[in-house]
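**Q** Quick check, what structure comes out for this input:
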Amino acid sequence: MARGIARAASFGGRATTGWCSYRRVTVAVCLGNLVAALLVLRSLTAPASFAPTVPNRGEVVQYTEEQIRRVEESIRIRRELEPVELVRASTEILNAKVKKLRKKFAQELKRREELPQVLKQKVSYDIVRRLHDLGDNSSLTQQREVVESWRVEKLKDIKVASTRNQSNLDLSSEETRMLKRALEFNWHMLMEDIGLWIPDEVTHTVHDDKPENEPEEEEIVAGPPLSPQCNAELRTDYDGAAVRWGLTHHKESAADCCQACLDQAKNAKPGELKCNIWVYCPSEFGCFSPDKYEHKHQECWLKQADHPKLNFKDKYSEPYRDAHPTAPVVVPWMSGVISA
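**A** Numbering: from 1, shown residues only. Coordinates of the predicted model:
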């Protein structure tokens, strides 16, 4: 036994005296932590050593000859790429067009001489007298032809009376010359000056190619088809006692609203009202009602009446709309009376 203890002691001594002992590992770790701490402390105490150097404002930056050459080369290339010729050509074309427009405008102003107010009144009275002779039932085409014939006649009259310096309008030679120019070149401007405007006559032709005995197209209602038991009626609002308040009872479609009425009547407890009328709002913009509430899309009213009575059908009457200015022309609701 003493011999075994001696062997163990000698083995343990060799383990502790080896290179990778616990003591040496501990010392190495401590040294590593110390070096890391020194590096961190150095970075905190001397941050300027890692910052880039910024030249002072007063310091002049020196460029090399190669850098200067590259800058000059880039400036030269940029200037060569500028569309100088295109800009110059565009400017010349634009200036030419502006000069042409100015010249044309000046000629137009020169050609358009302002007629005296007395002469304008004589022209307008003469044309109005011609239009009055046509009567109230004359068409726009007839009025336009009369005005044009008056213009042609006055031009002929002016040409015939040019030797006498006087026309049938009792005008002076200068007024005759001004009127002749206005009738020949500025006729539309003269019509604007005297307030004469005759619109183009539009003929409306109604083409009715619908075959005889063709049924009217039915209004499409969103959602699944309704059961015949629902007896759906478009643009209809039935009266009755409310079984389910529609303001808080919405359904996806009219078929769902009718089915809700059928289910309520089927599951009603003894003594409760059984639904036999459903009223639905299919309009996305809501439905009108004379009460104080705002009735929205998909409202579903469940009602009961022993003798169902219509509130509104198809259209609201004119006296009703006069009394209710917000009422539409057509009844927006759809409803039905459940068949037993």
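**Q** immediately after the longest helix that the chain contains, which helix or strand?
**A** In the chain, assigned by DSSP state H, the helix with the most residues is helix 84-111. Using DSSP states H and E, the next helix or strand after helix 84-111 towards the C-terminus is helix 117-134.
**Q** In the sheet, which strands lie alongside the longest strand seen in the chain, parallel or antiparallel?
**A** In the chain, with assignment by DSSP state E, the single longest strand is strand 300-313. Applying DSSP bridges, strand 300-313 is found paired with strand 236-244 (antiparallel), strand 277-280 (antiparallel).
**Q** Can you give me the buried ones in it?
**A** Buried residues in strand 300-313, defined by neighbour count with 16 or more other CB atoms under 10 Å: Cys300, Trp301, Leu302, Lys303, Gln304, Pro308, Phe312. In this view, the C-beta of every residue, glycine as well, is placed from N, C-alpha and C.
**Q** Let me have these in CSV, adding distance to Ile338 as columns.
**A** Rendered in CSV, the data for the buried residues of strand 300-313 read as follows (distance: CB to CB, whole Å):
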residue, distance to Ile338
Cys300, 14
Trp301, 13
Leu302, 10
Lys303, 10
Gln304, 10
Pro308, 10
Phe312, 20
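**Q** quick one: which of the residues you listed is nearest to Pro319?
**A** Closest approach to Pro319 among the buried residues of strand 300-313 (CB to CB): Phe312, at 13.1 Å.
**Q** I'd say that closest one and Val331 touch.
**A** Yes - using CB atoms under 8 Å, Phe312 is in contact with Val331, at 4.6 Å.
**Q** The strands paired with strand 300-313: lowest mean pLDDT?
**A** Lowest mean pLDDT within the strands paired with strand 300-313: strand 236-244, a mean of 91.
**Q** quick one: buried residues of that one?
**A** Going by neighbour count (16+ other CB under 10 Å), the buried part of strand 236-244 is Thr236, Asp237, Tyr238, Gly240, Ala242, Val243, Arg244.
**Q** same check, this time on stretch 332-340
**A** Of all the residues in stretch 332-340, those buried under the rule 16+ other CB under 10 Å are Pro332, Trp333, Met334, Ser335, Gly336, Val337, Ile338.
**Q** got a list of contacts for that stretch?
**A** Applying CB atoms under 8 Å, 6 or more residues apart in numbering, the contact partners of stretch 332-340 are 221, 226, 228-238, 254, 258, 261-262, 265, 275-283, 286-288, 308, 312.
**Q** Identify whichever of the strands paired with strand 300-313 lies nearest to Glu65.
**A** strand 277-280 (89.0 Å).
**Q** picking that back up, show me the buried residues of stretch 332-340 that map onto strands.
**A** Among those, the ones falling in strands (DSSP E) are Met334, Ser335, Gly336, Val337.
**Q** what's the closest non-adjacent residue to the last one?
**A** Ranked by CB to CB, 6 or more residues apart in numbering and with sequence neighbours excluded, the top spatial neighbour of Val337 is Pro308, at 4.8 Å.
**Q** now swap in Cys300 and tell me
**A** The shortest distance from Cys300 to any non-neighbouring residue, by CB to CB, 6+ apart, is to Cys257 (3.8 Å).
**Q** from memory that neighbour sits against Cys281, does it?
**A** No - contact criterion CB under 8 Å: Cys257 and Cys281 do not qualify, at 9.2 Å.
**Q** Determine the residues that are contacts of both of those two.
**A** Cys300.
**Q** So if I had to pick from the two, which one is more boxed in?
**A** Neighbours per residue (other CB atoms under 10 Å) separate Cys257 from Cys281, with Cys257 holding more: 31 against 27.
**Q** what is the mean pLDDT for stretch 128-148?
**A** Mean predicted confidence for stretch 128-148 is 81.
**Q** What are the buried residues along it?
**A** Buried-residue list, stretch 128-148, by 16+ other CB under 10 Å: Leu131, Gln143, Val146, Val147.
**Q** And these, which is closest to Thr248?
**A** Gln143 (63.5 Å).
**Q** pLDDT value on Val40, please?
**A** Looking at Val40, its pLDDT stands at 82.
**Q** Please work out which helix or strand belonging to this structure has the smallest mean pLDDT.
**A** Every helix and strand of the chain was ranked by mean pLDDT, DSSP states H and E. The lowest is helix 2-17, at a mean of 47.
**Q** Tell me the spacing between the spatially most central residue of the chain and Thr326.
**A** Residue closest to the average C-alpha location in the chain (CA atoms, centre = their mean): Phe285, at 18.9 Å. Phe285 sits at a distance of 12 Å from Thr326 (criterion: CB to CB, to the nearest Å).
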